[in-house]
Each structure stands twice: as structure tokens, then as C-alpha cells.
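S.K.: Give the three-dimensional model of this entry:
(2 chains, ligands or ions: 1)
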Amino acid sequence: MGRALAVRVLGHGAAIGAQADTAELLDLTRPEPQETAAPIRKAAKAALERGETHYTARTGILPLRQAIAGMSTVDGFPATAEGVAITNGGAEALYIALQATLQPGDRALLLEPVAPRVIDVVRFIGAQPVVLTDIEDARLEGGDVVVVSAPSSLSSVAMPDHGLTVLLEAARKQDVTVIVDRSAAPDRYQPAPPFARPDLAAEVITVGSFSGGYGLAGWRVGYFTSPPDGMERLAGLKESMSICTTTVAQFAAQAALEHAGELLALERDRFTRRRDMLIQILAASGIPVIQPDVYPALLIDIRQSGMDDHRFAQRLASEAGVVVEPGSIFGESLAGHVRINLGVEETMLIEGVTRLASFVEAG
Amino acid sequence: MNERTDTVVDEVNIFALQELAARSPDAISLGLGDPDLPTPAHIVDAAIAAIDEGRTGPAPTRGLPELRHALARKLLRVNGIKADPEREILVTTGSQEALFLLVQALIEPGDEVIVPDPRYPSYDAAIHLAGGRIVLTPTDERHDFDLDPVEVEARITDRTKAILLITPSNPTAGIISPANLQRLAEIAIERDLIVIADEIYENFVYDGAEHVSIASLPGMRERTITLGGLSKAYAMTGWRVGYITAPAEFIHAVAGLKALVNIHAPTVSQWAAVAALDGPQECIAEMREIYDRRRKLVMDALTGMGLTFGQPKGAFYIWANISSTGIDATTLSYLLLRDAGVLVFPGTAFGEKWGNYMRFTLLQPEPILEEAMERMRRVLRG
Ligand SMILES: Cc1ncc(COP(=O)(O)O)c(C=O)c1O
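M.R.: Coordinates of the predicted model:
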């Protein structure tokens, strides 16, 4: 049994099972679980006490869809409540968007850096992943769907408006479906200006998540937005995958948006301080970084060690007891860098980065 | 757009009907399979405790170990299935997701799955998306919608990958008799087929009937994928907790897919599910009694209106034959909604051949059910 499946996903399943026992190591790749903020907890409990324990509409509760549509429109990605569906996390939203738009055999252009899981999903659907290295390469040759993460949780920097505009114009001309993965939003340092071309953005499918910015990862809530003509297909797929999204989680997300101002201000203080502190530690040893301006992760340039990023990560783990991600996992543009997550507990983060700096200096 | 995401049971859009009903404030819904009863208080309290104590963070893809162990105990106690909580159980985001994932994992393009007709439409959606073919086996009123093993066997070809069994059934409320279930198990073994057992309604059987899990029959564990959930058993539809139990290698692979599709089931809901499974079970018997009383009420009322049905032995539905009204089901659905303010899904939502049937849910308090029946009576008489 499970032969088909074994062939199709065992590689990934094995990777999950084979996660190293990192108890002894300083793992700088996994953020510590965030506590759910008090006003969100309160709203969730109130929803349960009111008896909000039933299925919701397949696209979710209206006030949350309205709030998401409003937020997305303010960000330069116009949406209406009818064009929003709540999902069980951003991952489900992305899966639905890909599954609904790709036919087996189609070419999915994935702008790098790209997470291996996105490549896995495309393969699982039976489509062909093609990594796109230059956003301004407007040929989009033979692509059926383009997937762009903007902002990118991998490079941790914002997508320049110009690049996205070139891509969206090319896609419009060539009638290619665009999925913009916005699950790394909102920006965690400075509020970003809205995307300058809402006319183009109104034509794309967007994917979002409440896991990062609002600390709701364990609640599993995300969303997608769609132009009106694609909505029935996407909503139908959502229904056949999971009927609807966990009701209490939807009320938690609604509270998160109601309190977004204060919650994000706290996040922004925390991450700006951490980022600047770590960059300082590294700079003292002459180690450059890609300065993150959106997502709480840091790409550390380790080329002066003379090692490639995989070898560096391996040796850092075995010799200094520090776990980092080699940047080239996510594409050539991040080669020569290693990635750490700024959501890791702070003393561990400082200790790990200090060890990394000494390791580079010791050569 | 991916054409395979279209379901075939789409002649009638039940979502359009529901939206129409939502716009008339005094409409009574006998449509969606969502229990009106509240989630029992001790379960809600456990969720609130989890929130208070900060047990809201990410969980493993396979589910919280506490929940997998609680499920293993339940599977042994209720279903006679021995499942290793570390290797043979996967917690899913509702049993809908269990169904979706296992079908995507199991079915290759061209594979055939034998499915009893009428059927829950999400089977079509999941199987078509995987490129599989549904081979329908009819069930009928005369036999109370039991599944005839002879009919199943007649449909096996060399492309048949699996037989999907649902007992008790949505929409028919029929159950598969123990003798037929035994024979179906033998067929699966003889023909080396996989059985997908949807047991989401296992708690609700009536008239002294007993639920039997096919995976508990000799030789079946290694070829059965059992899916279930807490939605119906504990009135927990909005919590989204379901599960799959199957041999370890299959669970391993489905977990890989689950990690891609949505990472893990919601954590607070998983703690609520632990409380449901490990806590007092009287709530299930209480709900069963409530549904049973409603069942008798609606059966009597429908009989009085000249409708017929197979004996509804399980779930919380009545699958009624409306031929005597002389109106087809879709038309009658719109008519009942407009003139009686009662929402009932037409049979065609559960299979293209079922234009003479409608599915009534029992998920309203008795006085409201009486009111709905009275309104229907007036419209049908007039
Ligand atoms: C036969 C059947 N299977 C599965 C489901 C999915 O239920 P849930 O995802 O809430 O567990 C339903 C819901 O109506 C059903 O009727």
C-alpha cells in the first residue's frame, strides 16, 4: 500500500523523520514558539464561550474577510471581502493556489530564493518547477504560473516595486497567472510603503499568513485573495480540502488585526534591536550580512571563510555546535551565506552568533 | 486552471442554496451536516485551559503525542483497532483533510475507486483531483441502502485500487450489515484491494444496530485506511480535528504530504480533542438519544406526507424519496426554500441519478423540526 505515495513524497517524509536531534546544539534556524498575545487569547476564549464551535462558510467569517481585504488594499494589493478566503495557515493557501492553477505538466516559474517545500508542492501536483533567477527577465518563457514571494522570508529583504512591476506587466501581456506569496508580511522592522501598482496587483492571487507577524503559527490561519473570476474554483478546492478553517482561529486572527498596531509595534522594536545588535557582533569580526528590512532572519556572508555555505554549516555544527541553514538551499543568489532566524531565543542567538564569529575568525 | 478541481456532482450548487437561505432570516436549515448541539462544556473548558496555559504553539505534523495516544486508546476501545500512536496514526485538520490527503497519496491517474452511490460529494472532488476514476455501486431503498458485496465485486477490474466504504452513510443513513461487511472484507483480501473506511458517523447507529470497523476484521488491518473525526461525534465541526489510521508506511508518506499541505492540525483544537476522547463519554449517548427522537419525529412526519425512505439506521440524516410529490428534487429544494422557508438539499447534490430524493438533516431542536415539517406539509398540500 502507499506505493504511489511513497514514490511521490517519501523523500520529503524521510526528511521530516530524519530531523537531527539538535538538543545538544544551538539551533539558530527555528524560532521559539511565540506566546499568543493577551488580547488575542481573550477574543479566542470569548468566541468559545459564545459557542463559536460550528463550521463557518467555506471562505470564512465575513468580518475577518473584510479586515483582510482592507489590509490587502492598503498594502497595494486590492481585494474585496468576496475575493478573500481564510485558510488553515498560509501553507494551505499556497497549496490551494498552486493546485487550482497548475495542470499536470505545466511549468511553474518560481522566483528564487525559493523554499524547497514550494518546489515539492509543484512536483507533487505533477507540474514542472522552473527556477527564475531574475525578476526583470520578462520573457517568462513557457511559464503557466509564476510564483513570487514578496517580501521574501528567505532573503529577508523587500521586493523592489520596479522588479515586481516588470514581472506583473510581462505576466499580463503573456496571460500568465501570478501568485504573490505575501506570507512573510507584515514588515517586521519598518512599516513598508504600499505597492505602487495596485492596477497590476488586482490581477494576481495573493497568499498570506497570520503565523509570523501575529504569532499565531499554532492556530493555523492564513488566507488567499483572488480576482473574482478565479474565486469559485479556489473556494471549491478549499472546501474539498478542509471544509472551512478552524472557527476559533478565525476569531483569533480577527482580534490580531484589530490589535495589529500595538502588536506590530512591539514586534518591530524587538526585531530592530536584535538585528542591529547581531550585525554589530558580526561587524566587529569583519563579517558582512545582507541587511534585512522585512523579515526577522539574517543572511550572514561567510565567503571569507573560504568554504562554501554547505561545508561551512556542517563544520559549524560539528565544531562549534551551532546550527544554521546554508543559503544555497534556497537558490544561487544566497550562496556563500548562511541563514539564521531572529525569532530564536535571544541569549541563544547571541551565544550562537558569537561562536559563529569566532569560528570565522579562527579560519 | 486545473480542470480536475471541478466536481462532477455540481449540477446543483448547494452553496447557492445556502446563501439564499442565509438571506431569509426565518429559514430553517435542514441542509448542512453541522450539529446544532454545542460542543460539550468539558471539551470547551479544556481548550480554554490550553489557551490560558499558553499551549497554543506549533505541534508536530503527525499531531500532538497526547492526542495520538488518546486516539490509540479510543481506536482500541471503540473500534477494536490496535494502532501504534507513534507510527500508525496521523492527526488531520478535520476528516475532510484526511480524505483529501489519503486519496492524493494513494490514487494514481487511471486508478479506479469503487464508491457506493449516492455519495458524499467530496469523494468525487478528491478522487478526480488525483486523476482517479470513480466507479459507482448503486445502493437502494428496498435494502435500506446497505451495500451489496455482489454489486461491488461485479465492478472490480484490473484498474481497481480501492473500495471506499462509508457506514453509517451520508447521505442515506444506511449502514453496511455485519454479514455484508464480512463479505466485503473477504473480497478485498481475495482481490488484493485497499479499503478506505469513512467512519465519521460511527457513534450514531439506532434500533440496536452495531457499528463494526472493517479494519478490526481478520486480515484487514494491513489493507485498510480508516478515517474518522471529532466533528460529528462530539459536535465539534468548527474545531477541525480528524485522523487517519493505517499501516505505518502509508502514514509516513501521508504525513509527508500533510507537511506540505498545511503543516499540522490546530493546536488548541488538538487539546480539546484530547479532552473529548479521554473525558466522560456520556455526551455521545446523550446526543444519540436526541438524534434518535428527532429521527422518529421526522420519519413520522415525512411518512404522513407520502414520502418513503429506507430505514435510517445511522448518522443524522433521512434520505427521503420524493417521487410521490411529482416534483424533481432541485425544483422542490427551491420551492421549499421559497414557500416554506425550509432548506433541504436535493438528492442531485449527492449523485446525478438522485433527482427523486432529498436529504433531511436532524440537526435542529424538536420544536423547530416540527415547525419545518408543518411548513412543508402546507406547501405540499397547497
Ligand atoms: C461522509 C463524510 N466524511 C467526511 C466529512 C468531513 O467532516 P469533518 O472534516 O468535519 O471531519 C463529512 C462531513 O460532513 C462527511 O459527511
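
S.K.: okay, now the residue in the stretch 1-150 of chain B positioned nearest to chain A: neighbour count?
M.R.: Using CB to the nearest CB, the single residue of the stretch 1-150 of chain B nearest to chain A is residue B:57, 3.1 Å away. Placement of C-beta: from N, CA and C, glycine included. For residue B:57, the number of neighbouring residues by other CB atoms under 10 Å in any protein chain shown comes to 16.

S.K.: From what I see, it and residue B:267 are in contact.
M.R.: Yes. Contact criterion CB atoms under 8 Å: residue B:57 and residue B:267 qualify, at 6.5 Å.

S.K.: So for the residue of the stretch 1-150 of chain B closest to chain A, what's the nearest residue that isn't a sequence neighbour?
M.R.: Distance criterion CB to CB, 6 or more residues apart in numbering or on different chains; nearest residue to residue B:57, sequence neighbours excluded, is residue A:33 at 3.1 Å.

S.K.: quick revisit: can you pull the residues that touch both of residue B:57 and residue B:267?
M.R.: residue A:218 (CB atoms under 8 Å, 6 or more residues apart in numbering or on different chains).

S.K.: The residue in the stretch 51-200 of chain A that the ligand sits nearest to and residue A:40, how far apart?
M.R.: Ranked by CB to the nearest ligand atom, the top residue of the stretch 51-200 of chain A for proximity to the ligand is residue A:55, at 7.0 Å. Separation of residue A:55 from residue A:40 (CB to CB, to the nearest Å): 22 Å.

S.K.: try residue B:178
M.R.: 49 Å.

S.K.: try residue B:36
M.R.: 28 Å.

S.K.: Neighbour count for these two, which is higher?
M.R.: More crowded of residue B:36 and residue A:40, by other CB under 10 Å: residue A:40, with 26 against 15.

S.K.: which ones are touching that one?
M.R.: Residue A:40 sits next to A:214, A:215, A:216, A:252, A:255, A:256, A:259 when contact means CB under 8 Å, 6+ apart.

S.K.: Get me the contact residues on the stretch 151-300 of chain B for chain A.
M.R.: For the stretch 151-300 of chain B, the residues in contact with chain A (CB under 8 Å from any CB of the partner chain) are B:194, B:222-223, B:225, B:235-240, B:246-247, B:249-250, B:252-257, B:259-269.

S.K.: Also near the ligand: which of these, exactly?
M.R.: Counting by CB under 6 Å from any ligand atom, residue B:237 from these sit close to the ligand.

S.K.: still on that earlier bit, what's the burial count for the residue of the stretch 51-200 of chain A closest to the ligand?
M.R.: The number of residues packed around residue A:55, counting by other CB under 10 Å, is 19.

S.K.: Which SSE is immediately downstream of the top helix by length along chain B?
M.R.: Ranked by residue count and defined by DSSP state H, the top helix of chain B is helix B:282-304. Downstream of helix B:282-304, the first helix or strand assigned by DSSP states H and E is strand B:308-309.

S.K.: Could you name the helices and strands sitting against that following strand?
M.R.: Counting contacts by 3 or more CB pairs under 8 Å, 6 or more residues apart in numbering or on different chains; DSSP states H and E, strand B:308-309 is packed against strand B:317-321.

S.K.: can you state the direction angle for the strand it packs on and helix B:282-304?
M.R.: For strand B:317-321 against helix B:282-304, the angle by axes from the mean of the first three to the mean of the last three CA atoms, to 10 degrees is 20 degrees.

S.K.: Sort out which of the residues of the stretch 151-300 of chain B next to chain A are in strands and list them.
M.R.: Mapping those onto strands (DSSP state E) picks out B:194, B:225.

S.K.: Narrow the residues of the stretch 151-300 of chain B next to chain A to those that are buried.
M.R.: Buried members of those, counted by 16 or more other CB atoms under 10 Å in any protein chain shown: B:194, B:223, B:225, B:235-240, B:246-247, B:249-250, B:252-257, B:259-269.

S.K.: ok and the residue in the stretch 101-250 of chain A nearest the ligand?
M.R.: Of all residues in the stretch 101-250 of chain A, the one sitting closest to the ligand is residue A:243 (5.0 Å; CB to the nearest ligand atom).

S.K.: In space, what's closest to that residue - neighbours in sequence excluded?
M.R.: That would be residue B:96: by CB to CB, 6+ apart, it lies 4.7 Å from residue A:243.

S.K.: Residue B:324 too?
M.R.: Once flanking residues are discounted, residue B:324 sits nearest to residue B:306: 4.3 Å by CB to CB, 6+ apart.

S.K.: what's the neighbour count on that neighbour?
M.R.: Number of residues near residue B:306 (other CB under 10 Å) recorded here: 12.

S.K.: That one contacts residue B:325, doesn't it?
M.R.: Yes. Between residue B:306 and residue B:325 there is a contact at 7.5 Å, judged by CB under 8 Å.

S.K.: Check the offset of stretch A:195-204 from the chain's centre.
M.R.: Relative to its chain's centre, stretch A:195-204 lies at 20 Å (CA atoms, centre = their mean, to the nearest Å).

S.K.: For chain A, which segments count as strands?
M.R.: Using DSSP E, strands in chain A cover A:26-27, A:84-87, A:107-111, A:128-132, A:145-149, A:177-181, A:205-209, A:222-225, A:289-290, A:297-301, A:322-323, A:325-326, A:337-341.

S.K.: So the residue of the stretch 51-200 of chain A closest to the ligand sits against residue A:245, correct?
M.R.: No. Between residue A:55 and residue A:245 there is no contact under CB under 8 Å: 9.8 Å.

S.K.: Tell me if I am right that residue B:137 is in a strand.
M.R.: Yes. Counting by DSSP: H, G, I helix; E, B strand; the rest coil, residue B:137 is part of a strand.

S.K.: Contacts only, for it.
M.R.: Residue B:137 makes contact with B:114, B:115, B:116, B:117, B:147, B:148, B:151, B:152, B:155, according to CB under 8 Å, 6+ apart.

S.K.: what's across from the second one in the sheet?
M.R.: What that stands for is residue B:115. On the basis of DSSP bridges, residue B:115 is bridged to residue B:136.

S.K.: Would you mind measuring from it to the ligand?
M.R.: 11 Å (CB to the nearest ligand atom, to the nearest Å).

S.K.: now swap in the fourth one and tell me
M.R.: Distance check for residue B:117 against the ligand: by CB to the nearest ligand atom, it reads 14 Å.

S.K.: ranges for the helices of the stretch 51-200 of chain B?
M.R.: Along the stretch 51-200 of chain B, counting by DSSP state H, counting those that start in this stretch, helices occupy B:65-74, B:94-106, B:122-129, B:149-154, B:178-190.

S.K.: Now look at the third one and say if it contacts chain A.
M.R.: Yes. If you take CB under 8 Å from any CB as the test, helix B:122-129 does meet chain A, through B:122, B:125, B:126, B:129.

S.K.: Run the chain-centre distance for that helix.
M.R.: 14 Å.

S.K.: Report the rounded mean pLDDT for that helix.
M.R.: Helix B:122-129 carries an average pLDDT of 97.

S.K.: In chain B, which residue sits closest to the ligand?
M.R.: Residue nearest to the ligand within chain B: residue B:94 (2.9 Å; CB to the nearest ligand atom).
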